[in-house]
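Chemist: Here is a sequence together with a model predicted from it:
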Amino acid sequence: MKALLLNSTYEPMAFISEKKVLKLFVKGKIEVLSNWDSSIYWGSGQMKAPALVRLLYYRRWVPKKTRFNRMGVFKRDRFICMYCGKTFKGSELTIDHIFPKSQGGKLTWLNCVSACFECNSKKGDRTPEQAGMRLLKKPIVPRADLAGDLCMIDSIHPDWEQYMGHSE
């Protein structure tokens, strides 16, 4: 199981292996904020497998933004329509402009979400409020390094969600 490593300032830095978590923990460099249900074992002990850890010291680090693209939006939204909540294949999704282009909306991370064809058609050229629809989740700007890593991880811990993006 992977753990999300936060800087001392609670900024997400990377997903790290159990081995790396254990090494940092034994050296007293991290604090564990939340755990998985499973345990990890080493020579003389065991502990709950950490899911979210924070460095006890500040490490200079510059996060990168990921370039906006269609597949990036689908990955950020986990291939879920942000209106009906159903999961789809990428070929079954469209990009919906929350604030429509016809009303001055831009093609940005914070104005675009994944939508199935049916919901996008229903919403049409209107805002969700004008269409009487509700977004399931506010869009975020994903971080380049974490966005790519997240889609490769089998088990997603619920405590990671609040750290997985930031506003533009």
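Modeler: Received the coordinates, thanks.

Chemist: so Lys89 touches Phe79, yeah?
Modeler: Yes. Assessed by Cβ atoms under 8 Å, Lys89 is found in contact with Phe79 at 7.0 Å. To be clear about C-beta, it is placed using only N, CA and C from the backbone, and glycine gets the same treatment.

Chemist: So between these two, which is more surrounded?
Modeler: Phe79 (17 against 8; other Cβ atoms under 10 Å).

Chemist: Could you pull up the residues touching that one?
Modeler: By Cβ atoms under 8 Å, 6 or more residues apart in numbering, the residues touching Phe79 are Thr87, Phe88, Lys89, Gly90, Leu93, Ser114.

Chemist: let's see it at 10 Å
Modeler: By Cβ atoms under 10 Å, 6 or more residues apart in numbering, the residues touching Phe79 are Met71, Lys86, Thr87, Phe88, Lys89, Gly90, Glu92, Leu93, Ser114, Cys151.

Chemist: With Pro100 instead?
Modeler: Shown here is Pro100, whose contacts under the criterion Cβ under 10 Å, 6+ apart are Asn111, Lys123, Gly124, Asp125, Arg126, Thr127, Gln130, Ala131.
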